[in-house]
Every structure is written in C-alpha cells, then in structure tokens.
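> please work out how this folds:
(one chain, ligands or ions: 2)
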Amino acid sequence: MEAVRKHKKAGSFWRGASWKHHRDAKRGRLIFRRRRTALFASSKLDRPPAARPHCRRMARVDIANLSKIFRGEPGGEICAVRNVSLAVADREFLVLVGPSGCGKSTTLRLIAGLEEISEGTISIDGRVVNATPPQDRDVAMVFQNYALYPHLTVFENLGFGLMLRKFPKEEIAARVQEAAEILGLTPLLHRRPGELSGGQRQRVAVGRALVRRPKVFLFDEPLSNLDAQLRGQMRGEISRLHAQLGATMIYVTHDQVEAMTMGDRIAVMKEGVIQQVATPQRLYQEPANVFVAGFIGSPPMNLFGGVIARQGAGLHFEGRAAAGENFSVRLPVEGALQCAGFAGREIVLGLRPEHISIASGATPPEQTVRAVVEMVERMGAETHLHLRAGAHPFVVRVAAGSAAAVGEKLPLAFDLAQARFFHPDTGAAIGSTTNGHE
Ligand SMILES: Nc1ncnc2c1ncn2[C@@H]1O[C@H](COP(=O)(O)OP(=O)(O)OP(=O)(O)O)[C@@H](O)[C@H]1O
Ligand SMILES: [Mg+2]
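Ligands and ions are numbered 1, 2, ... in the order given. Presented below is the predicted three-dimensional model:
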C-alpha cells in the first residue's frame, strides 16, 4: 500500500505512463509518443518525451543564510558552512571552489538533502525544500568515487536508479540509450565497470545522473580521480554537456583551473564562508580579498606588505618586510587616488605575475625594482621566474625563451596601473566597487 501511495505522490509524468516509439527515418533518432489515455490526456505534468532531452523545466536554486553545524562530542562542534547565501540562476554553471575542508561537499550535500540543515533555507524554483527528502528534490549528484556496481553492465548501471523507482522497462531503455549517445557510451553498454577506463567510468557516473533528468545537477569533484590529461578532456565534455542540456549545474572542485575554465560564475569558499561570487574574469581581475587573490590564478597574484609614503607631490608604495631591503615604487594617478586615505599607513599591494616584466632602458627608475632570480620554471609556452626583492618573494611570467638564470640580479618593471590594494588587517580589497557578491 505504502509503495502505491509513494508512487502516486511522486506523480511523475513518466511513471506508469504508456509509450510507443518509432525511429525517425531521417535522423535515426528514437521518437517517443505517449499513448493517449484518459488519465494523462490533460495532465499538467505533460513533458517533452524522451527523445527531446533539451526541452526542460526551470531550475533555480536559492540558498539563504545557510549554516551547518556538526555536533560531535560536547564542545566539539564543527561549523562546516557559515551563513552562506547564494542564488544559482536557471541554466547556470556555478562552480564552488576552495581548499580542502572549507565546506564545499557539505554545501552540496545540504542542497541534495543528504545532510540536515542547521540554519537557513534552500529553495528550488522558489519552493523551500528544507524538509523535502532527497529523492523528491529532483536533483542528481555525481560523486568523486563514482561507485559503480562492478557486477552490472554499463547499461544496468545507468538504468539501476530508474529500475528502483519502478520506471517501465521501455522508458529505462530509452533514457539509457539517450544518455549513452550523449556521453559516447553506446558501444560500451554491454561492458562491466572493470572493463572500462577511468574516463569511461566517470562518464557512466555522469550518465546515471543524466538518466534521471533532474532539475539540478550537483557534481562533487567528479574528475579528481583522473589523470591530468583525462581531466582536461572530461572538463570539456562536462562543459559541452551543460551547453547541450541547458541544465542548472553546481560543480564543486578545489582546482582553481577547473573552476576558471568551467564556471559561468565561481563562488570561492574558505572555512565555511563564501568569500566572493563572480565571473571568472571578474574574480581574476578584481579579487575581493587577499584570500581570493592568492587562490585564483596560476601562479597566483603576488602580495607585497608595505606602506604608502608621500614623496614630493606623489605617493609611493614602499615594500617593507620584517627583514631585508625595502623597495619603493611610484603609484600612478589612479593608484594614488585609491590609496590616498592610506598615506603613511600599512597596506598590501597585489600584482599579477603578468604585470611585472623585465625592465628595459625606457622604464623610469621609480617604477623599477631590483630582484634576484631564485628559480626558473620553464612551462613550455612561457617561463615563470621566482624572484626575491629583499625579503619579498614574487613570481613573474616572462616569454618562454627568457635567458634569465638563477642568481642573476634583474631590474623589474612594476605596472602599478594594474595593481590591487588590500587592507592589511581585514584583507579586504580597497576601493572595490563590489561587496564580493554578484
Ligand atoms: N559528518 C561529519 N561530521 C563531522 N564533521 C564533518 C562531517 N562532514 C564534514 N565535516 C567537517 O566539516 C568541514 C567541511 O567538510 P567538507 O567535506 O564539506 O569539506 P570540503 O570542502 O568538501 O573538503 P574536500 O576538498 O577535502 O573534499 C571539515 O572540517 C570536515 O572535517
Ligand atoms: Mg569535499
């Protein structure tokens, strides 16, 4: 009785419906038509049939003041997610990125309904789902360890979830075949996971989510078990899948390259707190604080501690470290305006490795810093020079053929028109026009 009640409550258009299908002669695709029955003739849940996966429902996720506290032994509380607010738009690919243990998986598990919310709300399409069990949230999660059933074929692995939900056999077959086609798994449907490569197994894991046709896809570091080359390839495949399905996706990773290349927007997280939400470009150009500046970018932004000093009519940044030589560079007009309130005070200067170059004869002395080469990293297309000016270590991106050698003392030109400035205590960007959320 209970099973029947649940079945009715789920009310899915697909479940229990009767289908007929034929192959489209021109395109060779399967075309599905629902048999006309009185029960379904006027159903509000009428949805595009299986052969048209691109037609889909709206899926917006709103997270408001979300917190998760794990209570262990007395006094041993862990606040994994702190007051997170985030709006993920319909069809958006949002990447949640941050270092290990910052609360990414917990956030995703809260959205999926696999963890109980301590505070705040999660809404999907305007409906609060705090109390909705995971199976009724219409979200599908792809995990890092894809956990396929080793004794089942790819076909059976893909269809297993639908079978448990008692979908009709023809419907399962149609969905599995469609997902296999999208993911290039069709020739592998009869194989078992042990006979697949890592990338193919990962595709099966994605396929399991795909066959469910969820409103929202949640990915938890799905590529971290793959080698670098395959990861790059799968990154492209997931991005293409997103474009093809037009689905809402929330993707967790600790790899900032993955975040930058895949996300429409990126939310950077640290210790359970969202630091900044922005497009990859904005995040790179205008990090909201020193954490984001030092996390995004490879190599990341150089950060120099120092003071703003008046010299004649202008302002200079004087690099000051606890020990060692100082250096002084003149700020251009915009920089000087931004830092005017900091004259005589400490500040942190941020400059990307591509905004420092080896000085030419034309570089004015007040924009030149002398530094010693400590390491030369040849990347193929470019070279990274690791330098030190007094006690300040920094990295410069130069042309691949640079002749710079370890131990050499070089004059470096600082393009301070590109500099960002941060508060020395809070680490927040100075003069930023955003509050970190877009
Ligand atoms: N079930 C649990 N009980 C107690 N503490 C937990 C539990 N799950 C996670 N935590 C803690 O919550 C914090 C966030 O964990 P979470 O798994 O969300 O991090 P993450 O950002 O996904 O890290 P990683 O990149 O390593 O996967 C960590 O300090 C972790 O130890
Ligand atoms: Mg995790």
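
> how close does residue 116 get to residue 251?
23 Å (C-beta to C-beta, to the nearest Å). In this view, the C-beta of every residue, glycine as well, is placed from N, C-alpha and C.

> for the two, indicate the residue with more neighbours.
residue 251 (28 against 10; other C-beta atoms under 10 Å).

> where does the protein have low pLDDT?
1-57, 73-75, 321-325, 432-438 (pLDDT under 70).

> toward the C-terminus, what is the element adjacent to the helix or strand residue 170 falls within?
Element membership for residue 170, per DSSP states H and E: helix 169-183. Remark: after helix 169-183, the chain's next helix or strand is helix 198-210, criterion DSSP H and E.

> roughly how far is that next one from the heart of the chain?
A distance of 19 Å separates the centroid of the chain from that of helix 198-210, by C-alpha atoms, centre = their mean, to the nearest Å.

> same deal with stretch 243-260?
Stretch 243-260 sits 5 Å away from the centroid of its parent chain (C-alpha atoms, centre = their mean).

> sheet partners, orientation included, of the helix or strand hosting residue 394?
Secondary structure from DSSP H and E places residue 394 in strand 392-399. Strand 392-399 pairs in its sheet with strand 382-389 (antiparallel), by DSSP bridges.

> could you list the residues in contact with the strand it pairs with?
The contact list for strand 382-389 (C-beta atoms under 8 Å, 6 or more residues apart in numbering) reads 299, 319, 325, 327, 353, 369-377, 393-402, 404, 410, 412.

> got the buried residues for that strand?
383, 384, 385, 386, 387, 388, 389 (16 or more other C-beta atoms under 10 Å).

> and the residues you listed, which is closest to residue 130?
For these, the minimum distance to residue 130 (C-beta to C-beta) is 47.1 Å, reached by residue 384.

> ok, that closest one to residue 162 distance?
49 Å.

> do the same with residue 416
For residue 416, the distance to residue 162 - C-beta to C-beta - is 59 Å.

> name the residues linked to residue 357 by a beta bridge.
Beta-bridge partners for residue 357, by DSSP bridges, are residue 413.

> tell me the contacts of it?
Contacts of residue 357 by C-beta under 8 Å, 6+ apart are 396, 398, 412, 413, 415.

> tell me the one of these nearest residue 278?
Of all the contacts of residue 357, residue 278 sits closest to residue 415, with 22.5 Å by C-beta to C-beta.

> so that closest one sits against residue 355, correct?
Yes: judged on C-beta atoms under 8 Å, residue 415 makes contact with residue 355 at a distance of 4.4 Å.

> of the two, who's got more company?
Counted by other C-beta under 10 Å, residue 415 and residue 355 do not tie: residue 355 has more neighbours, with 19 against 15.

> and the more buried one, what does it touch?
By C-beta under 8 Å, 6+ apart, the contact set of residue 355 is 414, 415, 418, 419.

> again, only using 10 Å
Counting by C-beta atoms under 10 Å, 6 or more residues apart in numbering, residue 355 touches 301, 302, 396, 397, 413, 414, 415, 416, 417, 418, 419, 420.

> dump these to JSON lines, plus distance to residue 100.
Formatted as JSON lines, the contacts of residue 355 follow (distance: C-beta to C-beta, whole Å):
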{"residue": "301", "distance to residue 100": "21"}
{"residue": "302", "distance to residue 100": "24"}
{"residue": "396", "distance to residue 100": "29"}
{"residue": "397", "distance to residue 100": "27"}
{"residue": "413", "distance to residue 100": "37"}
{"residue": "414", "distance to residue 100": "33"}
{"residue": "415", "distance to residue 100": "34"}
{"residue": "416", "distance to residue 100": "34"}
{"residue": "417", "distance to residue 100": "36"}
{"residue": "418", "distance to residue 100": "31"}
{"residue": "419", "distance to residue 100": "30"}
{"residue": "420", "distance to residue 100": "26"}
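
> among those residues, name the ones that also lie close to ligand 1.
The subset of the contacts of residue 355 within reach of ligand 1, by C-beta under 6 Å from any ligand atom, is empty.

> could you flag which of those residues are buried?
Buried, going by 16+ other C-beta under 10 Å: 301, 302, 396, 397, 413, 414, 416, 419, 420, out of the contacts of residue 355.

> list just the nearest of these to ligand 1.
Ranked by distance to ligand 1 (C-beta to the nearest ligand atom), these are led by residue 301 at 22.0 Å.

> pull up the gap between that closest one and residue 388, please.
17 Å.

> give me the domain ranges for this structure.
61-285, 302-422 (automatic domain parsing).

> okay, these, which one's buried deepest?
Each of these was scored by mean neighbour count; the highest is domain 61-285, a mean of 18, by mean count of other C-beta atoms under 10 Å.

> tell me the gap between that domain and the middle of its chain.
Its chain's C-alpha centre lies 11 Å from the corresponding centre of domain 61-285 when counted by C-alpha atoms, centre = their mean.

> go on, stretch 310-322?
Offset of stretch 310-322 from its chain centre (C-alpha atoms, centre = their mean): 38 Å.

> dump the helix holding residue 170 to CSV, restricted to CA.
This file holds the C-alpha atoms of helix 169-183, laid out as CSV (Å, rounded to 0.1, in the frame of the first residue of the first chain):
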residue,chain,number,x,y,z
LYS,A,169,11.3,-1.1,-19.0
GLU,A,170,10.9,0.7,-22.3
GLU,A,171,11.3,4.0,-20.6
ILE,A,172,14.5,2.9,-18.9
ALA,A,173,15.9,1.6,-22.2
ALA,A,174,15.1,4.8,-24.0
ARG,A,175,16.7,7.0,-21.3
VAL,A,176,19.8,4.9,-21.0
GLN,A,177,20.3,4.8,-24.8
GLU,A,178,19.8,8.6,-25.0
ALA,A,179,22.3,9.2,-22.2
ALA,A,180,24.8,6.7,-23.7
GLU,A,181,24.5,8.6,-27.0
ILE,A,182,25.1,11.9,-25.4
LEU,A,183,28.1,10.6,-23.5
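
> what packs against it?
strand 19-23, strand 30-34, helix 154-164, helix 198-210, helix 228-245 (3 or more C-beta pairs under 10 Å, 6 or more residues apart in numbering; DSSP states H and E).

> is the next helix-or-strand element following the last one in proximity to ligand 1?
Helices and strands here follow DSSP H and E; after helix 228-245, the next one along the chain is strand 248-253. No: contact check for strand 248-253 against ligand 1, using C-beta under 6 Å from any ligand atom: none in range, with a minimum separation of 6.6 Å.

> contacts only, for residue 222.
Taking C-beta under 10 Å, 6+ apart, one finds 141-146, 202-203, 205-206, 209, 231, 234, 238, 251-253, 258 in contact with residue 222.
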